[in-house]
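J.: I would like the atomic coordinates for the input below:
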Amino acid sequence: MWTQGVPVEAEAREQLEKLAQLPFVFHHVAVMPDVHVGKGSTIGSVIPTLGAVIPAAVGVDIGCGMMAAKTTLRADDLPDNLSGLRSAIEQAVPHGMSPKIRNNKGSRDVGAWNNPPPPVDAGWAKLKDEFDAICRKYPKLRGSNHYKHLGTLGSGNHFVEVCLDEEGFVWVMLHSGSRGVGNAIGTHFIELARQDMRRHMVNLPDQDLAYLKEGTQHYDDYVEAVGWAQKFARINREVMMHNVIRAMREVIPKRFETHVEAVNCHHNYVQKENHFGKDVFVTRKGAVSAREGELGIIPGSMGARSFIVRGKGNPESFNSCSHGAGRVMSRTEAKRRFTRADMERALQGVESRKDEGVIDEIPMAYKDIDAVMHAQRDLVEVVHTLKQVVCVKG
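T.: The predicted structure is shown next:
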């Protein structure tokens, strides 16, 4: 556990102990400093497994992660009033779960494209054939939101931010995953795992830890589907980044380059890796790969600093680090405890929504990102420190 100086809920520790009891968990479970209770397994955990995978540990936001790109713009190149920049990004990237809104380009669904732009079509071309093959085995998935969710942000803690680094350079950073189709894949295979457990009368410490055993059809199909969903998530972020940059060029008159330093990393996913001499599946639930020299992104909450980091390749952590600050209270508790006035004070100087609809994302609902970074100083080193000036929430 990399949690020195960071609070850990008793419920999270109990959940971790149940997870570690599973006979196919390999070597140990690594716990990141942003750890907190999650559905299926604890968020902020790294779970190596041998001969089985746990669909609920990966969850339903398969491939959720971050992308950040540095630009050649400086702080002085941004407009004095950032509301126009925020509005342009909101128009360029469908977000949230609202019905339809009007804009100068006609009517569109905030949460999905009606007339997807060319980058969406190019991205979908890389995904379509594999998706069709998966749907031949699981036709229900064809009815999920897939093509029309590509290049869209979603809701909750997903965001697009314009940030400044320690030298005053402008960065774009965004957070999203595999959207409706990832949710459908995750939900479907979580239920299949539960059915398999009932069929084979497997006794589990927690029903959310239902697993798929290697050598079964469901296992093979899940590995294929989850890999595809992670690919969708990565391309989704690339399409959004393309559209955000395009929107910025419409607002900022100065010519600029981007992708000077670009990072695109999952923090909710599973993949095959070699650790302690064995090829194992590693599930990172709210954790980022931090191999030696590998760049990653650790965002703070709204109003807090974020970090571009370089991995130190710590083998005990399975080459991992935290994926953010981690919540200290539920969304319901945050809404009960804080007000719009609290939100406005916490986000002073940031061009963003500050209404009741985003109070659950208030910085005080999260752990202190500086304490989280200190606790994992043997996992990563900080390359850039970012502070947001514009934030678009889902």
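
J.: I'd say residue 391 and residue 352 touch.
T.: Yes: applying Cβ atoms under 8 Å as the test, residue 391 and residue 352 come out as touching, 3.8 Å apart. Any C-beta I mention is one placed from the backbone N, CA and C, and that applies to glycine too.

J.: quick one, helices of the stretch 201-350 of the chain?
T.: With DSSP state H, counting those that start in this stretch as the criterion, the stretch 201-350 of the chain has helices at 217-251, 331-337, 340-346.

J.: out of the ones you listed, which one sits most buried?
T.: Comparing these by mean neighbour count (mean count of other Cβ atoms under 10 Å), helix 217-251 ranks first with a mean of 21.

J.: that one: how far from the chain's middle?
T.: 11 Å (Cα atoms, centre = their mean, to the nearest Å).

J.: tell me how many other residues crowd residue 265.
T.: When neighbours are counted by other Cβ atoms under 10 Å, residue 265 registers 21.

J.: re the thing from before, residue 43: which of the helices of the stretch 201-350 of the chain is closest?
T.: helix 331-337 (13.4 Å; Cβ to Cβ).

J.: any idea of the mean pLDDT for that closest one?
T.: For helix 331-337, the mean pLDDT works out to 91.

J.: distance between that helix and the chain's centre?
T.: Distance, centroid of helix 331-337 to centroid of chain: 22 Å (Cα atoms, centre = their mean).

J.: hmm, back to that, now the helices of the stretch 201-350 of the chain as a markdown table including distance to residue 272?
T.: A markdown table is the format used below for these (distance: least, Cβ to Cβ, whole Å):
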| stretch | distance to residue 272 |
| --- | --- |
| helix 217-251 | 9 |
| helix 331-337 | 34 |
| helix 340-346 | 41 |
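
J.: residue 24: how many residues sit nearby?
T.: Neighbour count of residue 24, defined by other Cβ under 10 Å: 16.

J.: cool, and residue 149?
T.: 25.

J.: what residues does it make contact with?
T.: 111-112, 179-181, 236 (Cβ atoms under 8 Å, 6 or more residues apart in numbering).

J.: rebuild these as JSON lines, extending it with pLDDT.
T.: Shown next, in JSON lines, are the contacts of residue 149 (pLDDT from 0 to 100):
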{"residue": "111", "pLDDT": "70"}
{"residue": "112", "pLDDT": "73"}
{"residue": "179", "pLDDT": "95"}
{"residue": "180", "pLDDT": "95"}
{"residue": "181", "pLDDT": "97"}
{"residue": "236", "pLDDT": "97"}
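
J.: in helices, which of the residues you listed appear?
T.: 179-181, 236 (DSSP state H).

J.: show me the longest strand that occurs in the protein.
T.: strand 380-393 (DSSP state E).

J.: got the angle for that strand vs helix 217-251?
T.: 70 degrees (axes from the mean of the first three to the mean of the last three Cα atoms, to 10 degrees).

J.: and residue 88, how far is that from residue 53?
T.: From residue 88 across to residue 53, the span is 41 Å (Cβ to Cβ, to the nearest Å).

J.: look at those two and report which has more neighbours.
T.: More crowded of residue 88 and residue 53, by other Cβ under 10 Å: residue 53, with 23 against 19.

J.: if we can go back for a sec, using CSV, lay out the contacts of residue 149 together with distance to residue 64.
T.: Converted to CSV, the contacts of residue 149 look like this (distance: Cβ to Cβ, whole Å):
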residue, distance to residue 64
111, 16
112, 18
179, 10
180, 13
181, 13
236, 10
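
J.: buried ones in stretch 188-197, by neighbour count?
T.: Of all the residues in stretch 188-197, those buried under the rule 16 or more other Cβ atoms under 10 Å are 188-190, 192-194, 196-197.

J.: between those residues, which is closest to residue 42?
T.: The shortest gap between residue 42 and any of these belongs to residue 190, at 16.3 Å (Cβ to Cβ).

J.: from residue 372, how far out is the closest one?
T.: Distance from residue 190 to residue 372, by Cβ to Cβ: 29 Å.

J.: and for residue 82?
T.: If you go by Cβ to Cβ, the gap between residue 82 and residue 372 works out to 28 Å.

J.: those two - which one has more neighbours?
T.: residue 372 (27 against 16).

J.: phi, psi of the more buried one?
T.: In terms of degrees, to the nearest 10, the main-chain angles of residue 372 are phi -60, psi -40.

J.: find the nearest non-adjacent residue to it, please.
T.: residue 33 (4.5 Å; Cβ to Cβ, 6 or more residues apart in numbering).
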